[in-house]
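Trainee: Here is the input, now give the coordinates:
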Amino acid sequence: MNKYTRIYRNTKMALPLSAMALAISAVNTPAAVAQEAGLVLEEIIVTARKREESIQDVPVSVTSIGRELKEATLRRLDDVQSFTPNVYIRNTSAIPGGAAISIRGVSYQETDKTLDPSIGVVMDGLYLGTASGALLTNFDTQRIEVLRGPQGALFGKNTTGGVLNVIRGDVTANWGGEGIVTVGDDGRQDLKGVLNVPIIKDDMGIKLFAAKIESDGWIENTTLNEDVFGDDKEQYGFAWQWEPNENFDIKFHYQKDKDQTDTGAYANMNQPDDLNCILSGILWQAGCATNDPGSDEDHVSNEIRNTNDSEYDTYILTMNWDLGPVLLTSITGQRDIDEHYLSGFDASPARLLYLDYFNEWEQFSQELRFTTQNSDNFELVGGLYWWEVDYEQRWDVGQLNYTLDLIGAVPADPPGSLGPNSLNHNGQNQETKSWAVFLTGDFNLSEQWTLTVGGRYTYEEKEFIGADGTYYMEGEPRPPLNFTAFDDDWGEFTPKVGLRYTANDDMMFFASYSEGFKSGGFFGRQANFDIDPTYDPEYVTSYELGMKSTWMGGRMIFNPTLFYNDYEDKQEEVLIPIDLSNVATVVRNASTLEILGAELELQFQITEAWNLRAHYGYMDAKYKDFLADINGDGMITDNSNLRPRNTPENTVGVTTTYTWQVGPGELMGYAAWRWRDEIEVIANNDPLGSLDPIHNLDLTLNYSWQDGRYRVTAYGRNVTDEREQIVVRIPGLVTWGNWNQGENYGVEFAVNF
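Mentor: Take a look at the predicted model:
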């Protein structure tokens, strides 16, 4: 094991003392019997606390997904919710590779890059600062750790809801690799390959990787007569690593992503009070959901395809110096994004509204961290973090104002002068600079008691300019924009205190208190800066009580947790109508959001061939007070007692594997079942956004031989064909929905060498 793998520290899940009685009542098989039968669970090592630790020793709520990532049904980051309680992830339409992530009731689904994510996605130490491109493909992934609750005392970038920590595959400095070919329904054809090449055997090597993800699309556009919403992604790059001696190692990772996947396929859900319905019969037919036969769970009728052409360049340089009592780590990261995507927002054959986006994003981060080693009395992790982002967005609104001018709803000079090719040009720029210092210490008070004390100070400043928009004709040069400038800065100290009691080698209890902070800012997508775009910082206080336990001589792990999160000034994006031609999205602060929950996680090696993994999550979440001057006109809107979006009360997941010896190899069956309670997906809990409970079942059957060198897998995703629609409503203008994919099947071939 080289120093690179030593720079982190492990953490996993937590368990509530209220469940201790249930755990203690489990039947305990003698350890010797379990070990002799080969039934002991494999020890899970995680690195979320910047050290390598057994997941059962870490007083933090974290779930680790490792060997399961080899299953053909785990295609993207959203599939990890099958293994993790109180986690809900789905694709965010309207942006390339967008991830809407909810952890413990804290949800982030906003597409605009001026609002910082509440949930962080970290790849090999680099924080991905926007939801665009965050729905990572499961490729060359060694492990994913899901940390629940506010993070900051250990991570470079702070988050208030949690972190998904993605660790890529190793550079081995030895010959080896893997090739994977997948074919399936809807024209699915994926090619993935990894090759490790030694430069200096065991000391220096390079890893080359490439993937092509393609499908024709599983939704038929009845207006364009073509399949849409398929995959079209490329990923390639390399990682170079050198360990010249036992005390130093360096790794450089470069990755190029190209994404031309459609940014959604919108089903017609326009309601009678939406403009599309009001104009039906005047200018066109089939604008309403009620008179559009070409739109359902497998069909859409948009007159425009939601095209996308985006590129992402990612650079990560990691260096480690082992100085004996201290390990020093430097992580330098750069991520450049260039996006161009089109969204037909009217969701019907009518030509009412489309938006054409051009985005450029450049982020740079530098983390300097120290980790103490070789001490029996204390362990410290601390560091400095610098974060900088330059972001520019330009976008055009087409068709809407021409249509409104045509019916005299928008005054033009002279009336009717806008023309069918007129566009409304908008734009925003933002620069963000942030620095932080963080420190966490574990102090061993005795052989059984450990005290954790930590804290973080964060300073952040933002400079923002936004323009209301100006008209021009398609094909002409875009006119200059008249910008309004805003700027502000924020600073906050957030502490953490925890206590761990180790009862014996198989049982540990922990309790913690922590605070989280997310800076304020200025929301860019509202497109009307007569309305103040400013929103205030968000704060959270989190309490956690848990237990981690191992039973039956290592055959069973049972980890329950209780938690309570109290959010003050929670940042929420809401829609407000201005007039027929303008609906603004604004961000306002909810006064108080309270979330009380419980989590149970179980792993059980039932027999030598049969493994079971299960989880249950419960949340009682609601806005205690949500009084906001949404329009900026002194009129207070009361959204108190509403349920937060994407927050199911109950979640359940069960995964299981069974292995048979067949001929020269192994036949393994895998099943992953998850159930999610009803949720709301619209901020004001509009009934159109109320989703019923739903379950999902994925299955694989794979045969491997020659010690796993060759593998063939048959898979099925959503084999019960459960369907639901995520509805987006812009009141008075349009309403559209995104359906989830139904059952689909395929075959995967893999070779390791």
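Trainee: Using the three-state scheme, assign N685.
Mentor: What DSSP: H, G, I helix; E, B strand; the rest coil gives for N685 is coil.
Trainee: Return the distance of the closest residue to it other than its chain neighbours relative to E145.
Mentor: If the residues on either side of it in the chain are set aside, N685 comes closest to L642, at 5.0 Å by Cβ to Cβ, 6 or more residues apart in numbering. C-betas here are computed from N, CA, C, even on glycine. Shown here: L642 relative to E145, a distance of 32 Å by Cβ to Cβ, to the nearest Å.
Trainee: who has more neighbours, those two?
Mentor: Here L642 and E145 are compared on neighbour count by other Cβ atoms under 10 Å; more neighbours surround E145, at 27 against 18.
Trainee: Bridge partners for that one, pull those for me.
Mentor: S64, N165 (DSSP bridges).
Trainee: can you tell me which residues contact it?
Mentor: Shown here is E145, whose contacts under the criterion Cβ atoms under 8 Å, 6 or more residues apart in numbering are 11, 46-48, 62-65, 163-165, 167.
Trainee: What pLDDT is listed against it?
Mentor: E145 carries a pLDDT score of 93 in this model.
Trainee: One more: P16?
Mentor: In this prediction, P16 carries a pLDDT score of 34.
Trainee: What of M1?
Mentor: 40.
Trainee: now L575
Mentor: In this prediction, L575 carries a pLDDT score of 71.
Trainee: what do you get for the one 5 residues further on?
Mentor: At L580, the pLDDT value in this model is 52.
Trainee: ditto for W739
Mentor: According to the prediction, W739 has pLDDT 95.
Trainee: name the helices or strands packed onto whichever strand or helix holds S310?
Mentor: For S310, the element it lies in under DSSP states H and E is strand 308-322. In terms of contact count using 3 or more Cβ pairs under 8 Å, 6 or more residues apart in numbering; DSSP states H and E, strand 308-322 is assigned the packing partners strand 248-259, strand 326-343.
Trainee: I figured G184 hits Y745, correct?
Mentor: Yes. Under the criterion of Cβ atoms under 8 Å, G184 makes contact with Y745 at 6.0 Å.
Trainee: anything in contact with each of those two?
Mentor: Contact criterion Cβ under 8 Å, 6+ apart; residues bridging G184 and Y745 by contacting each: Y715.
Trainee: For M508, which residues count as its bridge partners?
Mentor: T502, K548.
Trainee: and what of K192?
Mentor: Beta-bridge partners recorded for K192 (DSSP bridges): I180, A211.
Trainee: Over to Q241?
Mentor: Per DSSP bridges, residues listed as beta-bridge partners of Q241: G205, K251.
Trainee: do the same with the one 4 residues further on
Mentor: With DSSP bridges as the criterion, N245 is bridged to F248.
Trainee: which residues touch the residue nearest to N685?
Mentor: Neighbouring residues of L642 by Cβ under 8 Å, 6+ apart: 622-623, 626, 680, 683-685.
Trainee: The same query, at a cut-off of 7 Å, please.
Mentor: When contacts are counted by Cβ atoms under 7 Å, 6 or more residues apart in numbering, L642 is found next to 622-623, 626, 684-685.
Trainee: Closest to D112 out of the residues you listed?
Mentor: N684 (19.1 Å; Cβ to Cβ).
Trainee: Look up how far N302 lies from that closest one.
Mentor: With distances defined as Cβ to Cβ, the gap from N684 to N302 amounts to 26 Å.
Trainee: Looking at the two, which one has more neighbours?
Mentor: Residue environment comparison for N684 versus N302 gives the larger neighbour count to N302, 28 against 15, counting by other Cβ under 10 Å.
Trainee: Could you report the separation of the more buried one from G230?
Mentor: Look at N302 and G230: by Cβ to Cβ, they are 15 Å apart.
Trainee: likewise L384?
Mentor: Distance from L384 to G230, counting by Cβ to Cβ: 44 Å.
Trainee: In a helix, Q81, correct?
Mentor: Yes. Applying three-state DSSP, one finds Q81 inside a helix.
Trainee: pLDDT score for it?
Mentor: pLDDT recorded at Q81 is 92.
Trainee: same thing with Y8?
Mentor: The pLDDT attached to Y8 in the predicted structure is 33.
Trainee: pLDDT on the helix or strand F493 falls within, on average?
Mentor: Here F493 sits within strand 483-504, counting by DSSP H and E. Computed over strand 483-504, the mean pLDDT rounds to 95.
Trainee: Show me what that strand is packed against.
Mentor: strand 449-473, strand 507-518 (3 or more Cβ pairs under 7 Å, 6 or more residues apart in numbering; DSSP states H and E).
Trainee: Of those, which stretch is the most buried?
Mentor: Counting by mean count of other Cβ atoms under 10 Å, strand 507-518 has the highest mean neighbour count of those, with a mean of 22.
Trainee: still on that earlier bit, let me see the backbone angles for the residue nearest to N685.
Mentor: Comment: the main-chain dihedrals of L642 come out as phi -80, psi 150, following degrees, to the nearest 10.
Trainee: same thing with G653?
Mentor: Dihedral angles of G653 (phi, psi; degrees, to the nearest 10) stand at phi -140, psi 140.
Trainee: my guess is it meets S82, correct?
Mentor: Yes. Using Cβ atoms under 7 Å, G653 and S82 qualify as a contacting pair, with a distance of 5.0 Å.
Trainee: Next, show the common contact partners of those two.
Mentor: Between them, G653 and S82 share the neighbouring residues R674, with contact defined by Cβ under 7 Å, 6+ apart.
Trainee: who does S54 bridge with?
Mentor: Each beta-bridge partner of S54 is listed here: I45, as defined by DSSP bridges.
Trainee: pretty sure E680 contacts G689?
Mentor: Yes. At 5.6 Å, E680 and G689 qualify as touching, with contact defined as Cβ under 7 Å.
Trainee: where does this protein dip in pLDDT?
Mentor: For the chain, residues meeting the criterion pLDDT under 70 lie at 1-38, 48, 410-412, 576-584, 627-637.
Trainee: what are the ranges of the helices in it?
Mentor: For the chain, the helices defined by DSSP state H cover 20-24, 31-36, 275-278, 400-406.
Trainee: So which bits of the shortest one are buried?
Mentor: So that's helix 275-278. By neighbour count with 16 or more other Cβ atoms under 10 Å, helix 275-278 contains the buried residues 275-278.
Trainee: Using CSV, write out every CA atom in it.
Mentor: Extracted in CSV, the C-alpha atoms of helix 275-278 (Å, rounded to 0.1, in the frame of the first residue of the first chain):
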residue,chain,number,x,y,z
LEU,A,275,-50.4,30.2,-21.4
ASN,A,276,-50.1,27.2,-23.7
CYS,A,277,-53.7,26.2,-22.9
ILE,A,278,-55.0,29.7,-23.0
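Trainee: Make residue 1 into 521 and carry on from there
Mentor: Noted, 521 is the first residue going forward, which turns the last one into helix 795-798.
Trainee: now what about it, what contacts it?
Mentor: When contacts are defined by Cβ under 7 Å, 6+ apart, helix 795-798 is touched by residues 790-791, 807-808, 866, 868, 870, 872, 1100, 1252-1254.
Trainee: Just name the closest of those to Q1261, please.
Mentor: Looking across these and measuring by Cβ to Cβ, the closest to Q1261 is S868, at 21.9 Å.
Trainee: Is G918 in contact with L943, as I believe?
Mentor: Yes. Counting by Cβ under 7 Å, L943 is a contact partner of G918 at 5.3 Å.
Trainee: More neighbours: which of those two?
Mentor: When G918 and L943 are compared on other Cβ under 10 Å, the one with more neighbours turns out to be L943, at 25 against 22.
Trainee: beta partners of the more buried one?
Mentor: In this structure, L943 bridges to G918, Y992 when assessed by DSSP bridges.
Trainee: ok, it touching Q919?
Mentor: No. Here L943 does not reach Q919: they are 9.0 Å apart, not a contact under Cβ under 7 Å.
Trainee: Point me to the residue sitting farthest from the middle of the chain.
Mentor: Relative to the centre of the chain, the most outlying C-alpha is that of P934, 48.2 Å out, by Cα atoms, centre = their mean.
Trainee: still on that earlier bit, show me what counts as buried in the strand holding F1013.
Mentor: Residues of strand 1003-1024 classed as buried by neighbour count (16+ other Cβ under 10 Å): 1006, 1008, 1010, 1012, 1014, 1016, 1018-1020, 1022.
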